[in-house]
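J.: This is the structure alone, sequence omitted:
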DNA sequence: TATGAATGAGGTTTCATTCAT
DNA sequence: AATGAATGAAACCTCATTCAT
């Protein structure tokens, strides 16, 4: 009896719960510390204290601080990608999908400031990032955006003199700079307005239907 | 005679020569170190060694490492602004000016990788930056871009349903993300192509002549 | 049986034993260094070496050198107060108690030169001292002396035209200057003689019985 | 002619004016810095800045910081001694002289807080002080007090079972502790009250006329 | 006499990391 | 799995001091 109950409980647990409690506390601690401080100003001892965990324990789970940061980003990103996949289901047309995707990133940046902070401000200046697992996720994701654009070009929704790579960069950069003031100065980020404004600038032009 | 020559020599001296040699060496040292390393991995002793100067001397001129970084950025930015002002002279029309401005930033990012690195990767994650003199320059500059856009709207070159603030952010973010791969992975950045691509995406649409 | 012994041993341990060994060694190290050097000439590395402990460890336990000094004083003072309380038990009359108290401080200054050095020479010139825990102990102690004097006035042992505050200062200052040459030049301090001389000057006069 | 004028001018100048201006400025600077800070927290560069003088110049005049401090004390003390000598003129009786002397020190401590700070708080913890010229002045002065007491004993004004050395220490220590709170916490010091209180406690008793 | 520039040496402080329990 | 204690190395920083001018 007892055993059955146990198994059941474990089966129900979301994946992250499978990590030992110390591991979870440490990841949580970094997340919450990143709300107040920049990454470089956060020390192991900050993290251990916030996590309510011994400093030495961290070494059981993480190679170094950057490694931990990348793990945190990875977790965020996986969450985000799952949500996104769902969001895009049932949407027709490359432009519509792009619009939704834009809204989705901005929305995530608004709801998870730390996520945005990490991706916009903390990982890029560190070379090791580009060898990390989390960067691979980002790259895959970026690739998918490019493919979406190429799909749009094939279907004729997007002008065929547009370079997919350049457009992707323009979209990502625009989103970033539209969100950045909100992220840095803790101001409101309005996904609807920002998406609307950005698409107004890009889509009517990019699209072939009007030119 | 001698006296006249003297006056002339003093008058000719560029501004940077007014700093004591140690000061100049230190600034140069950080510039060159930033080519190889990220800012946080650079230590005082790195800088002092590279500059061929005593560590203690750095404190005579700079409060701390961030302060030095901001000073370096400031110097770059002033150089850049001077060049830009010249570049924009004699150009007619807001869109043409914007195009030139875009080219100008991309070009600067290409020629001065360190400049781009600092501005894209190193300063933004540090709160103190936003109180620095160099940030004030950046803000002034951003303001001017917005005014350029507003001018375009007034003259009818730019659609009047475009929000200047949002457009400015889109432009700056686009530039940044178009240059970023080049800056990070030390690849070529082609100002002409990038400018062309970006303007193609934005201008035909923003402009009123077609809608 | 074994268990009983254990409990007993733990119960007997003096409080200081509860600190980790490194902490104790550091405090001891400063105590012994103060015998030879003035506080300002003592460095962290002196302390660490003397304690046979890593320099960094000091920061685990003490905020800074002054903080450590105050902790050392605190320990001394607590020891002293405990002894004093015992010494005063069973003594009748405010003047007799004062005499015993005077003897007690002089005696402590003689036996613990470092204690006297700290209190007479090292803490007072540092403003932070007056916010420290150890200063609070000193103040409480000084207050008790004043109350003893007031008691003497109430009981008629001490002239009622004497200001308790001034008398307290006179007593403390006298003690200090009587001990100072001994403390500074490492000469003998004779508690009996000094107490006798001081009381001769003060008590016959302060007392009401003769005036 | 010129020479005569010169000599005259020099002769008229007060003694301190004979020092070069840099010297004077440096001494003044330390005096004024001691009002705000403890001696150990004052650096050469503080002093040079306050004096409006180059750091290197200090080495022309002073061996080290302590040496400078002792020079400052010396200057104060000489001023004080000159005043005191005048004050004591025409006063009859050892006790009256002592009373005046007590008043005089307390008064000086009130008017020149820095003087009191130096003597009560800053010099004693430094061994080198006891080899300094300024300490010699202090010792001479203390000796004179002892002689004054001995004179009082000889003339019968003071009880002959009083030890002059002990009484001198009691007087000096009492004065110090009566002034100390005022000096440390920048409170008012009232020479009249303090002198009155101290003498009330000591003199009626010490004197033979009543016993 | 006085200054600006620079230095050397060592003090202070921080932190990632290890290890026995 | 987790902790408490301690360490080593290197960073940061300060300051007294010197020297050419």
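T.: Perfect, I can see it now. Note that this is a predicted model, so its numbers are computed, not measured. Numbers count the residues shown, from 1 in each chain, chains lettered A, B, ... in the order given.
J.: Walk me through the domains of chain A.
T.: According to automatic domain parsing, chain A comprises the domains A:1-62, A:64-211.
J.: Is DNA strand F within reach of the last one?
T.: No. Figure legend: domain A:64-211 not in contact with DNA strand F (C-beta under 7 Å from any atom of the strand); closest approach 13.3 Å. All C-beta atoms are positioned from the backbone trio N, CA, C, and that covers glycine.
J.: And that domain, how far out from the chain middle?
T.: 8 Å (C-alpha atoms, centre = their mean, to the nearest Å).
J.: just checking, what's the longest helix in chain A?
T.: Ranked by residue count, the top helix of chain A under DSSP state H comes out as helix A:65-88.
J.: For that helix, which outside residues touch it?
T.: A:16, A:26-27, A:30-31, A:34, A:39, A:42, A:44, A:47, A:58, A:62, A:97, A:100-101, A:104, A:108, A:112, A:114-115, A:118-119, A:122-123, A:126, A:128-129, A:132-135, A:137-138, A:141 (C-beta atoms under 8 Å, 6 or more residues apart in numbering or on different chains).
J.: what mean pLDDT does it have?
T.: Across helix A:65-88, pLDDT averages out at 93.
J.: one step back: would you mind listing which of the contacts of helix A:65-88 are buried?
T.: A:26-27, A:30-31, A:34, A:39, A:42, A:44, A:47, A:58, A:62, A:97, A:101, A:104, A:108, A:112, A:114-115, A:118-119, A:122-123, A:126, A:129, A:132, A:134-135, A:137-138, A:141 (16 or more other C-beta atoms under 10 Å in any protein chain shown).
J.: about what we covered before: please identify the most buried of the domains of chain A.
T.: Each of those was scored by mean neighbour count; the highest is domain A:64-211, a mean of 18, by mean count of other C-beta atoms under 10 Å in any protein chain shown.
J.: before we move on, the earlier item: if we check chain D, which of the contacts of helix A:65-88 are in contact?
T.: With C-beta under 8 Å from any C-beta of the partner chain as the criterion, the contacts of helix A:65-88 include none near chain D.
J.: which stretch in the domains of chain A is the model least sure about?
T.: Checking each of the domains of chain A, the one with the poorest mean pLDDT is domain A:1-62, at a mean of 79.
J.: Any part of it near chain C?
T.: No. Domain A:1-62 lies out of reach of chain C by C-beta under 8 Å from any C-beta, never closer than 10.0 Å.
J.: where do the helices sit along chain A?
T.: Using DSSP H, helices in chain A cover A:2-12, A:21-36, A:44-51, A:58-61, A:65-88, A:94-111, A:113-117, A:133-154, A:164-185, A:191-206.
J.: In contact with residue A:126, which residues are there?
T.: Residue A:126 is in contact with A:66, B:38, counting by C-beta under 8 Å, 6+ apart.
J.: And it, how far from chain C?
T.: Per C-beta to the nearest C-beta, to the nearest Å, residue A:126 is found 26 Å from chain C.
J.: Over to that residue: give its phi and psi.
T.: Dihedral pair for residue A:126: phi -110, psi 120, per degrees, to the nearest 10.
J.: What of residue A:64?
T.: Dihedral angles for residue A:64 - degrees, to the nearest 10 - are phi -150, psi -180.
J.: could you check the distance from it over to residue A:128?
T.: 9 Å (C-beta to C-beta, to the nearest Å).
J.: ok, now residue A:119?
T.: Per C-beta to C-beta, residue A:119 is found 15 Å from residue A:128.
J.: what do you get for residue A:173?
T.: 23 Å.
J.: cool, residue A:106 as well?
T.: Distance from residue A:106 to residue A:128, by C-beta to C-beta: 28 Å.
J.: so what's residue A:107 up against?
T.: So residue A:107 contacts residue A:191 (C-beta under 8 Å, 6+ apart).
J.: what separates the residue of chain A found nearest chain C from residue A:80, distance-wise?
T.: Across chain A, the shortest distance to chain C (C-beta to the nearest C-beta) belongs to residue A:45, at 10.0 Å. Residue A:45 sits at a distance of 30 Å from residue A:80 (criterion: C-beta to C-beta).
J.: residue in chain A nearest to chain D?
T.: residue A:41 (27.9 Å).
J.: Can you give me the separation between that residue and residue B:128?
T.: Counting by C-beta to C-beta, the gap from residue A:41 to residue B:128 is 11 Å.
J.: Repeat that for residue A:69.
T.: Residue A:69 is 21 Å from residue B:128, by C-beta to C-beta.
J.: quick one: residue A:39 and residue A:125 touch, right?
T.: No. In this structure, residue A:39 is not within contact of residue A:125 by C-beta atoms under 8 Å, at 9.8 Å.
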